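Q: Please find the sequence and the predicted model below.
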Amino acid sequence: MPPSKLLPLSEAVQRFVLDGAAVALGLSLETAIPFAFGHEVIRQKKRRLTLIGPISDILFDQLIGAGCVDRVRAAWVGNVITGIGYNYQRAVENGSIAVEHHSNFTISLALKAASMGVPFLPALTALGSDILNENPSITTMSCPFTGNRLAAIAAIRPDVAVVQVQRSDVAGNAHVWGCLGITREACMAAESVLLLAEEIVSSDVIFRDPNRVLIPGFRVSAVAHVPWGAYPSPMPGYYNRDHEEFLRYKNRSKRPEDFERWLQSDVDDIPDRDTYMRICIGEDRLQALAIHNHSIAEGVDYGY
Amino acid sequence: MATDAAYTRSQLMVTAAAREIADHEVIFVGMRLPLLGFLLAKSLHAPNAIGVYELGIVRESVSPEPILTMGDLPNLYKAGWLADTFDAMCLLQQGLVSASFIGGAQVDRYGNLNTTRTFDPHGRMASLPGSGGACDLACLAQRHIIVMSHERRRFVERVDYITSPGWGEGGSWRNDVGLPRGGPSTVITTLGVLRFDPETREMVLTSVHPGVQPEDVLAQTGWGLKISSDLTETPAPTAEEIDLLRRFDPKGYWTGKQR
């Protein structure tokens, strides 16, 4: 048996998210967003974080509104089905956060470069844009073979990557499925990896299907068991997206005083995810969001 | 600018977007109206169109239930390929994507788009969500189609920030900055459809929606917009198109309530 890295979420956040850390999260775009993790970071009043991600569907907005963030390196911050993220907008306009603008491809390439252990990667994107003109980690270069103009994207190495996964053993060997956005390169690039799992399963369940493993367990620092940890975003195989909650958040974050109330009732007054799901969300909505049309894939033979 | 009670202005825009898609094309599908346009095209004249979504999905079929984001689980169900954003972007960078759709807060006469920040006449900044994948789509697709609301504050002489490059400063600009291909082909707005002059790369009004006069479009455009010598009227949606749109957007979330 490999050694256990299983920790309560609160302890994992305490140990692996230090003030000033660069944290990559929300890596699967609209799916599997680690909201439970974000709310624990807010409760612990972490400060001066750098957030790294592709698009962020309201989680970055929540962390910014709670005062945890100094800097954002991302492609888009807002509320996917309504548009503006009001805390993000306020923070950018009053200068309380610094933003390094990326596209989804440039942030992926920055993490891919770090995951490869090289200082940068060339690309054909962002040429002619103000993203390239303004972002100090993107520049242009001549191709050493053809002389053509290329974009060069500097490596980004997060201190920690945080991923909500479907199931993991206690050592951090985890199965993921669905579409992963920029999860793989972020985990490979990060100094440490923190997993939040819908289910904790035996290593045997994991190793019988090794193609589905996200990253070798030895690269993972901690695993927390957090069912419904991605709610209200969707988790393939577990629950659907709660559109209503994203619509509600729009109104509950529009003015700073609305957001303060949301912060109090939905995060600060709540001890943990289980309580949040039971008290704030309730059994009826959990039932409504559960997977109702199952689609189980054929097994595959890894035998010899 | 009243519309015929049989359809909303958004539904007209979606049907115009759908007509930009040819059968067998590979379409990088965005959100909102473009998503509906893709589903509509696939259900009608482009059944073999292939959809690529930036979180790493390739689909040859329409999702079994309506979706509001591309990550909604019905969009993963029986997908053709579930992979990474990197993979979707690599298809794009290789030139394998025929067309993509992008929206914007601000556009200029050369089709450059801004979704990052704008400044009002007093110099006050308004911060917007940013690029997402839009910059990549504008740089790397064979062509891209812009879908947005036609208002004077949005149609400006020069965008405050180029998030997604169009034809830059016109002429050979894209080639000069190193972009490998592409450029905006069409702009579908709440008032009409615009295309680009093949030489100067400047936007030209080519059709107006039913009930819209060319002067209405000029009044809502912040530069001396050129009007095509063979200006037409945008075809109204057919009954079949409207029926399909009700299926894809049953609550009118994107296309508005039927009046």
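A: Yep, that arrived.
Q: How about the backbone phi and psi for A:L59?
A: phi -70, psi -40 (degrees, to the nearest 10).
Q: separation between it and A:F35?
A: In this view, A:L59 and A:F35 are 6 Å apart by Cβ to Cβ, to the nearest Å. From N, CA and C alone the C-beta is placed, and that goes for glycine too.
Q: And those two? Which one has more around it.
A: Between A:L59 and A:F35, counting by other Cβ atoms under 10 Å in any protein chain shown, A:F35 is the more crowded of the two (27 against 23).
Q: Tell me the confidence at that one?
A: A:F35 is assigned 98 on the pLDDT scale.
Q: show me what contacts it?
A: A:59, A:229-233 (Cβ atoms under 8 Å, 6 or more residues apart in numbering or on different chains).
Q: Tabulate these (JSON lines), appending secondary structure.
A: Putting the contacts of A:F35 into JSON lines (DSSP: H, G, I helix; E, B strand; the rest coil) gives the following:
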{"residue": "A:L59", "secondary structure": "helix"}
{"residue": "A:G229", "secondary structure": "coil"}
{"residue": "A:A230", "secondary structure": "coil"}
{"residue": "A:Y231", "secondary structure": "coil"}
{"residue": "A:P232", "secondary structure": "coil"}
{"residue": "A:S233", "secondary structure": "coil"}
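Q: of the residues you listed, closest to chain B?
A: Of all those, chain B sits closest to A:S233, with 7.4 Å by Cβ to the nearest Cβ.
Q: that older thread, and the contacts of A:F35 near chain B, which?
A: Near chain B, taking Cβ under 8 Å from any Cβ of the partner chain as the test, the members of those found are A:S233.
Q: burial of the closest residue to chain B within the stretch 151-300 of chain A, as a residue count?
A: Closest contact between the stretch 151-300 of chain A and chain B, by Cβ to the nearest Cβ, is at A:C179 (4.1 Å). By other Cβ under 10 Å, 30 other residues sit near A:C179.
Q: In contact with it, which residues?
A: A:28-29, A:31, B:53, B:55-57, B:71, B:76, B:79, B:82-84.
Q: picking that back up, which among the contacts of A:F35 end up buried?
A: Neighbour counting with 16 or more other Cβ atoms under 10 Å in any protein chain shown marks A:59, A:229-233 as buried within those.
Q: Looking at those, spot the one nearest A:G128.
A: A:G128 lies nearest to A:L59 out of these, by Cβ to Cβ, at 31.0 Å.
Q: how close does that closest one get to B:F248?
A: With Cβ to Cβ as the criterion, A:L59 and B:F248 are 28 Å apart.
Q: what lines up beside the strand ranked longest in chain B in the sheet?
A: Ordering each strand of chain B by length in residues (DSSP state E) puts strand B:226-233 first. Sheet pairing of strand B:226-233 (DSSP bridges) gives strand B:203-208 (parallel).
Q: what does the partner strand contact?
A: B:109-111, B:187, B:191-197, B:214, B:216-217, B:225-228, B:230-234.
Q: and the nearest residue to A:A22 once chain neighbours are set aside, how many neighbours does it have?
A: In space, A:A22 comes closest to A:T50 once its chain neighbours are excluded; the distance is 4.1 Å by Cβ to Cβ, 6 or more residues apart in numbering or on different chains. If you count neighbours by other Cβ under 10 Å, A:T50 ends up with 20.
Q: so A:T50 sits right up against A:C68, yeah?
A: No - judged on Cβ atoms under 8 Å, A:T50 makes no contact with A:C68 at a distance of 10.4 Å.
Q: residues in contact with the closest residue to A:K45 other than its chain neighbours?
A: In this structure, A:K45 finds its nearest non-sequential neighbour in A:C68, 7.5 Å apart by Cβ to Cβ, 6+ apart. Listed by Cβ under 8 Å, 6+ apart, the contact partners of A:C68 are A:41-42, A:45-47, A:49.
Q: buried stuff in the one helix or strand B:D216 maps to?
A: Taking DSSP states H and E as the definition, one finds B:D216 inside helix B:214-219. Residues of helix B:214-219 classed as buried: B:216-217 (neighbour count, 16+ other Cβ under 10 Å).
Q: Do a quick rundown of the strands in the stretch 151-259 of chain B.
A: Taking DSSP state E, counting those that start in this stretch as the criterion, the stretch 151-259 of chain B carries its strands at B:184-189, B:192-196, B:203-208, B:226-233.
Q: Can you name the residues bridging to the residue in the stretch 101-250 of chain A positioned nearest to chain B?
A: In the stretch 101-250 of chain A, the residue found nearest to chain B is A:R149; the distance is 3.2 Å by Cβ to the nearest Cβ. Note on A:R149: beta-bridge partners by DSSP bridges are A:S142.
Q: confidence score at it?
A: The predicted structure lists A:R149 with a pLDDT of 97.
Q: Specify the local secondary structure of B:P74.
A: Once three-state DSSP is applied, B:P74 turns out helix.
Q: Show the contacting residues for A:A21.
A: Taking Cβ under 8 Å, 6+ apart as the definition, contacts of A:A21 comprise A:46, A:49-50, A:159-160.
Q: same question, A:I107
A: Applying Cβ under 8 Å, 6+ apart to A:I107 gives the contacts A:52-54, A:73-75, A:156, A:182.
Q: Please apply the same query to B:I146.
A: B:101-104, B:107, B:111, B:113, B:166, B:184, B:186-188.
Q: Now that we have the contacts of A:C68, which of them are buried?
A: A:41-42, A:46, A:49.
Q: so B:P74 touches B:E65, yeah?
A: Yes - if you go by Cβ under 8 Å, B:P74 and B:E65 touch, sitting 4.2 Å apart.
Q: Need the pLDDT of the closest residue to A:Y86 other than its chain neighbours.
A: Spatially, and ignoring its direct neighbours in sequence, A:Y86 is nearest to A:S253 (4.7 Å; Cβ to Cβ, 6+ apart). pLDDT, A:S253: 98.
Q: Kindly report the same for the one 4 residues further on.
A: Taken from the predicted model, the pLDDT recorded for A:E257 is 98.
Q: Helices of the stretch 101-250 of chain A, residue ranges please.
A: With DSSP state H, counting those that start in this stretch, the ranges of helices along the stretch 101-250 of chain A come out as A:104-116, A:130-134, A:183-189, A:203-207, A:243-252.
Q: could those helices be laid out in a markdown table, adding distance to A:N79?
A: Shown next, in a markdown table, are the helices of the stretch 101-250 of chain A (distance: least, Cβ to Cβ, whole Å):
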| stretch | distance to A:N79 |
| --- | --- |
| helix A:104-116 | 17 |
| helix A:130-134 | 21 |
| helix A:183-189 | 21 |
| helix A:203-207 | 35 |
| helix A:243-252 | 6 |
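Q: ok, back up a step: now mean neighbour count too, for the strands of the stretch 151-259 of chain B, in CSV please.
A: Converted to CSV, these look like this (neighbours: other Cβ atoms under 10 Å in any protein chain shown):
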stretch, mean neighbour count
strand B:184-189, 24
strand B:192-196, 23
strand B:203-208, 20
strand B:226-233, 12
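Q: Quick check: the gap between B:A16 and chain A.
A: 22 Å (Cβ to the nearest Cβ, to the nearest Å).
Q: Doesn't that residue lie inside a strand?
A: No - judged by three-state DSSP, B:A16 forms no part of a strand; its state is helix.
Q: Next up, the contacts around it.
A: Contacts of B:A16 (Cβ under 8 Å, 6+ apart): B:37, B:188, B:193, B:234.
Q: closest to chain A among these?
A: Nearest to chain A out of the contacts of B:A16 is B:G37 (Cβ to the nearest Cβ; 17.4 Å).
Q: Is that closest one part of a helix or strand, or is it coil?
A: Assignment for B:G37 (three-state DSSP): helix.
Q: Please tell me I have it right and it contacts B:A17.
A: Yes - counting by Cβ under 8 Å, B:A17 is a contact partner of B:G37 at 3.1 Å.
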